[in-house]
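Q: build me a model:
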Amino acid sequence: MKSFSASDAKNRFGQLIDMAQAEPVRVQRQGRDVAIVLSPEEFRRMADAARGKVNPAVERLHAESARRWASVYEALAK
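A: Got it, this is the predicted structure:
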């Protein structure tokens, strides 16, 4: 992944967005990552891949909570 300093990203914004069409570009300030610039296609691909995925631990906790509180949920639904 290529990197730009924040000031270079500001001064060479056109080049930055052109580069981001080929691969994500890291923007750093004082040696720390502050942004990643990527193409709309890459963003959509990542968003689609993440959509609908839930951590299995969260699913287990939700199922346990639903079992534990089932009578309360049923009472509230009446």
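
Q: what's residue 20 in contact with, if anything?
A: 37, 38, 39 (CB atoms under 8 Å, 6 or more residues apart in numbering). For the C-beta atoms, the positions are set from N, CA and C on the backbone; glycine is no exception.

Q: ugh, typo on my part, it should be residue 77
A: Taking CB under 8 Å, 6+ apart, one finds nothing in contact with residue 77.

Q: now the contacts of residue 20 as JSON lines including secondary structure?
A: Below are those laid out as JSON lines (DSSP: H, G, I helix; E, B strand; the rest coil):
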{"residue": "37", "secondary structure": "strand"}
{"residue": "38", "secondary structure": "coil"}
{"residue": "39", "secondary structure": "coil"}
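
Q: among these, which one has the most neighbours?
A: Ranked by the number of neighbours (other CB atoms under 10 Å), the contacts of residue 20 place residue 37 first, at 18 neighbours.

Q: coming back round to it: save the contacts of residue 20 as CSV, and put in pLDDT too.
A: Shown next, in CSV, are the contacts of residue 20 (pLDDT from 0 to 100):
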residue, pLDDT
37, 97
38, 97
39, 96
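
Q: hmm, who's touching stretch 47-67?
A: For stretch 47-67, using CB under 8 Å, 6+ apart, the contacting residues are residue 73.

Q: tell me the mean pLDDT over it?
A: Over the span of stretch 47-67, the pLDDT mean works out to 87.

Q: can you add distance to residue 23 and give the contacts of residue 20 back as JSON lines?
A: Listed next are the contacts of residue 20 as JSON lines, based on distance: CB to CB, whole Å:
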{"residue": "37", "distance to residue 23": "10"}
{"residue": "38", "distance to residue 23": "8"}
{"residue": "39", "distance to residue 23": "9"}
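
Q: nothing else from me, thank you.
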